[in-house]
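Colleague: sharing a model prediction with you, sequence too.
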Amino acid sequence: MEYVITIGEIAKTLLSSIARLIGHLISYNTNIKNLEKELQKLVDKKATEVDPRVDEAERNLEIIAESVIRWQKEVDDINQKGKEFLENDIEVINKCLNGLCPDPKSLYSLSRKAKEMTKKVLGLLQEAAKFDEITHPGPPPKIGSTFITEGIRDFESRESIKNEVWEALKDDKLSMISICGIGGVGKTTMVKQLVQEVERQKLFDEVAMAVVSQTPNIKKIQDLVRYGMGLRLFKNVDNVHQARDRVYALIDVLKGSFLLLEGDNKWYDSVKMHDLVRDVAISIGSSDKHWYTIQSDARMKEWREKAGYKNCTAISLVCEKINGHPNDLECPKLELLQLSYDCQSQSLPNNVFEGMKELKVLALALGIPSLPQSLDVLKNLRTLRLVKFESGQIHTIGALVKLEILEIDTDYLWELPEEIGLLKNLRLLDLRRVINLRYIPPGVLLGLSKLEELYVTDKFMMKWESKDGDKINASLSELETHHITALEITVPKASILPKDSVFRNLIRFKIFIGHKYAYGSLVDRDSVNVLHLEGEANDIKENGIFALLMWKTEVLNLVEVQNLKKVLYELEDYGFPDLKRSSVDECVEQEFLVDALERVPRSQEIRLSYFRNLREVKIRSCGKLKYFIPLSMARGLRQLHSIFIAGCEEMEGIFNKNEVDDEIEFPELKDLRLDHLPKFHGFIINKS
């Protein structure tokens, strides 16, 4: 009996091995094709997504994560091995009687090897999907001769100090030199001049400079608009868009007077103040007994005596940490309250707002676990910002009948309460940072009859019109009766979008149709108009959104758009006057971005500067694309500074020369990257 069991086990093992062998033989072609397909995906991902981000980070002198560097090397290695395997080993098999009688042993070995290699490729693809952050900050950048110091008058006293510093720099015994003085006397300017002289005389091999000041006073322009609206600072302004224009105009005046500096935040429009200007502003504010402010880096341990706030019309506390909150502040004249500090998740006292019933602007960035019950006494509140809010219970907001601007930032809100629909005066609803929002009850948006601007998160896709059990999600068609001037939404397909009447009045927008994002679109400032399109070209065209918004679109992303051969003729006939950046990904049926010039009626030649503001072009994995645009049409690309084309197997050239006397110049072109274009003949081709 034991022999029978042993023989059975041996037979089972042998059958299993034979089955694997036969499986590898049968699946030979499938395994080879899978390897080719997945390997190409990996190479494209490296070339079009990871490498550009690494290049950009290196230009910014950031340190690339070791895991990313290792990943790049492993991709290069497996790509090289894969090419050799597919070119050499497979060729040996095919040479055996023209592939009619391959050696089963070799087939088995190659099939198994292809499957194992595919597994490694898939692992690298999965690893790349986790590259949210690929860098960490690098050392201060090396300073080149980029400082503009011409026209700066040197006084004799400053010149003598500069000479002393210069002599000190040449003294090998000194390791640190201090230049002291009050703000605004020219210390930074002097150092910049010294840097230029050090580099000119090659006093040191490397020169780095960093300006170290107090916490930068960076202000979002959108916050200035929202606070100004709430406080009624703008005269003869009827809507949010007019208020925004007024703020930008005022900022331009202040920049022209050097009282404000351009902000450098890549996510949103912002402004900065020089330390000296900020200190003067704080001094002026502090001299007015109706305002109470502290510097942003001050460490205030607790609120001061309650009597000190009685006559305040504005209180702004932006600091690191405060222990506790006052229970019953009496601020009968208070109109603006801004609190931003670490409260260690302590709740605000329930009666905290009882003594400030004239409040018009409230901005809380505290990380509090719940809203105080007294919030509903703020009947005059017009602007409410809840940042870092650690609760989804916000139904009390529905009692704020005069509220016009509402911004919520929380990870804890999955469902917008029906009470929001009671805010009949609401003009702006910003839910961009409610990243887990999944459900808006039907009728809520419809009830916001004065709504002008709507911003909804794009981190996870809202399932508009979908049904989940007994719940039916809101429809964007509820916006059709509103005068919407700004819209930021994400929908899975064009058919869910409302009628074109919603888009007719849009001035600012970020509209994403589909599930995939082009990398560049996610880092655009809030003032940039973005249109991201996926799906069936005919559905997009029938919706009418493209024709309405292309005049104002600044960033256009086309990803996996089916049945699209020529963008200009199938989606839009009038050009893209404001387009600055265009990305085309995996539109496999696209043959041209714009067809040959002779197909354009002569009456339209005056409009051939279709892309006069275009600065950046990215085209990836468009299998049938033969060229970008006709050369004659490219005359309008005077602003073009970057071209990136990869994975287009049929592309023969970038421009098609369709006239004998075509001449073209790209004075701003600085970056040209071409990758995996097997049929590429040259920059300009002649193809009728």
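Modeller: Cool, the structure landed.

Colleague: where in the stretch 351-500 of the chain is pLDDT low?
Modeller: 458-462, 468-469 (pLDDT under 70).

Colleague: where do the strands sit along the stretch 51-200 of the chain?
Modeller: 63-64, 135-136 (DSSP state E, counting those that start in this stretch).

Colleague: worst mean pLDDT among those?
Modeller: The stretch with the lowest mean pLDDT among these is strand 135-136, at a mean of 67.

Colleague: alpha carbons of the helix or strand hosting residue 364, as CSV, please.
Modeller: Assigned by DSSP states H and E, residue 364 belongs to strand 361-365. Output of strand 361-365 as CSV, limited to C-alpha atoms (Å, rounded to 0.1, in the frame of the first residue of the first chain):
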residue,chain,number,x,y,z
VAL,A,361,-14.8,86.9,7.9
LEU,A,362,-13.8,83.8,9.9
ALA,A,363,-10.7,81.7,9.0
LEU,A,364,-9.8,78.8,11.2
ALA,A,365,-6.7,76.7,10.6
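
Colleague: got the contact list for it?
Modeller: Residues from elsewhere that reach strand 361-365 (Cβ atoms under 8 Å, 6 or more residues apart in numbering): 223, 226-227, 230-231, 335-341, 378, 381-389. Yep, even glycine has a C-beta here, placed from its N, CA and C like the rest.

Colleague: next SSE after that strand?
Modeller: Following strand 361-365 in sequence, per DSSP H and E, is strand 383-389.

Colleague: so who does the nearest residue in space to residue 477 that is not next to it in sequence touch?
Modeller: Nearest in space to residue 477, with sequence neighbours left out and distances taken as Cβ to Cβ, 6 or more residues apart in numbering, is residue 498 at 4.5 Å. Counting by Cβ under 8 Å, 6+ apart, residue 498 touches 475, 476, 477, 479, 480.

Colleague: could you dump those into CSV and include neighbour count, secondary structure and distance to residue 32?
Modeller: Shown next, in CSV, are these (neighbours: other Cβ atoms under 10 Å; DSSP: H, G, I helix; E, B strand; the rest coil; distance: Cβ to Cβ, whole Å):
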residue, neighbour count, secondary structure, distance to residue 32
475, 18, coil, 48
476, 21, helix, 46
477, 17, helix, 50
479, 22, helix, 52
480, 14, coil, 53
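
Colleague: with those residues in mind, which one is nearest to residue 116?
Modeller: The closest of the contacts of residue 498 to residue 116 turns out to be residue 476 (Cβ to Cβ; 48.2 Å).

Colleague: out of the strands of the stretch 51-200 of the chain, flag the one nearest residue 583.
Modeller: The closest of the strands of the stretch 51-200 of the chain to residue 583 is strand 135-136. By Cβ to Cβ, the value is 21.9 Å.

Colleague: got a list of what the residue lying closest to residue 453 once chain neighbours are set aside touches?
Modeller: Distance criterion Cβ to Cβ, 6+ apart; nearest residue to residue 453, sequence neighbours excluded, is residue 486 at 3.7 Å. Neighbouring residues of residue 486 by Cβ under 8 Å, 6+ apart: 240, 241, 428, 452, 453, 454, 455, 506, 507, 508, 509.

Colleague: again, but for residue 242
Modeller: Residues in contact with residue 242 (Cβ under 8 Å, 6+ apart) are residue 234.

Colleague: can you give me the distance of it to residue 407?
Modeller: Distance of residue 242 to residue 407, given as Cβ to Cβ, to the nearest Å: 19 Å.

Colleague: also residue 70?
Modeller: In terms of Cβ to Cβ, residue 70 sits 41 Å off from residue 407.

Colleague: these two: which is more packed in?
Modeller: Each of residue 70 and residue 407 has its neighbours counted (other Cβ atoms under 10 Å); residue 407 has more, 21 against 11.

Colleague: list the contacts of the strand or helix carrying the more buried one.
Modeller: Residue 407 belongs to strand 405-410 when assigned by DSSP H and E. Contacts with strand 405-410, where a contact means Cβ under 8 Å, 6+ apart, come from 226, 229-230, 240, 382-392, 394, 397, 420, 423, 426-431, 433-434.

Colleague: what subset of the residues you listed is buried?
Modeller: Buried by 16 or more other Cβ atoms under 10 Å: 226, 229-230, 240, 382-389, 392, 394, 397, 420, 423, 426-431, 433-434, out of those.

Colleague: for stretch 115-130, the distance to its chain's centre please.
Modeller: Computed by Cα atoms, centre = their mean, to the nearest Å, the chain-centroid distance of stretch 115-130 equals 27 Å.

Colleague: ditto for stretch 466-475
Modeller: Per Cα atoms, centre = their mean, the centroid offset for stretch 466-475 relative to its chain is 30 Å.

Colleague: list the buried residues in that stretch.
Modeller: With the criterion 16+ other Cβ under 10 Å, stretch 466-475 contains buried residues 473, 474, 475.

Colleague: the first one and residue 464 touch, don't they?
Modeller: Spelled out, that is residue 473. Yes: Residue 473 lies in contact with residue 464 (Cβ atoms under 8 Å); the separation is 5.8 Å.

Colleague: so, low pLDDT: which residues of the stretch 51-200 of the chain?
Modeller: The stretch 51-200 of the chain contains residues with pLDDT under 70 at 56, 58-62, 88-108, 136-158, 181-185.

Colleague: what ranges does it have for its helices?
Modeller: Ranges of helices in the stretch 51-200 of the chain, per DSSP state H, counting those that start in this stretch, are 51-59, 66-84, 90-94, 104-128, 156-169, 187-200.

Colleague: so which of those comes closest to residue 541?
Modeller: Among the helices of the stretch 51-200 of the chain, the nearest to residue 541 by Cβ to Cβ is helix 51-59 (30.4 Å).

Colleague: each with direction, which strands does the strand holding residue 364 pair with?
Modeller: Strand 361-365 sits in its sheet next to strand 336-342 (parallel), strand 383-389 (parallel), going by DSSP bridges.

Colleague: domains in this protein, as residue ranges please.
Modeller: 2-136, 141-209, 218-274, 288-381, 399-491, 511-688 (automatic domain parsing).

Colleague: distance from the last one to the middle of the chain?
Modeller: Right, the one you point to is domain 511-688. 21 Å.

Colleague: any chance of CSV for the helices of the stretch 51-200 of the chain, columns distance to residue 646?
Modeller: Shown next, in CSV, are the helices of the stretch 51-200 of the chain (distance: least, Cβ to Cβ, whole Å):
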stretch, distance to residue 646
helix 51-59, 9
helix 66-84, 14
helix 90-94, 25
helix 104-128, 16
helix 156-169, 48
helix 187-200, 37
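
Colleague: returning to that earlier point: I'd like the strands of the stretch 51-200 of the chain as JSON lines, with mean neighbour count appended.
Modeller: Below are these laid out as JSON lines (neighbours: other Cβ atoms under 10 Å):
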{"stretch": "strand 63-64", "mean neighbour count": "14"}
{"stretch": "strand 135-136", "mean neighbour count": "14"}
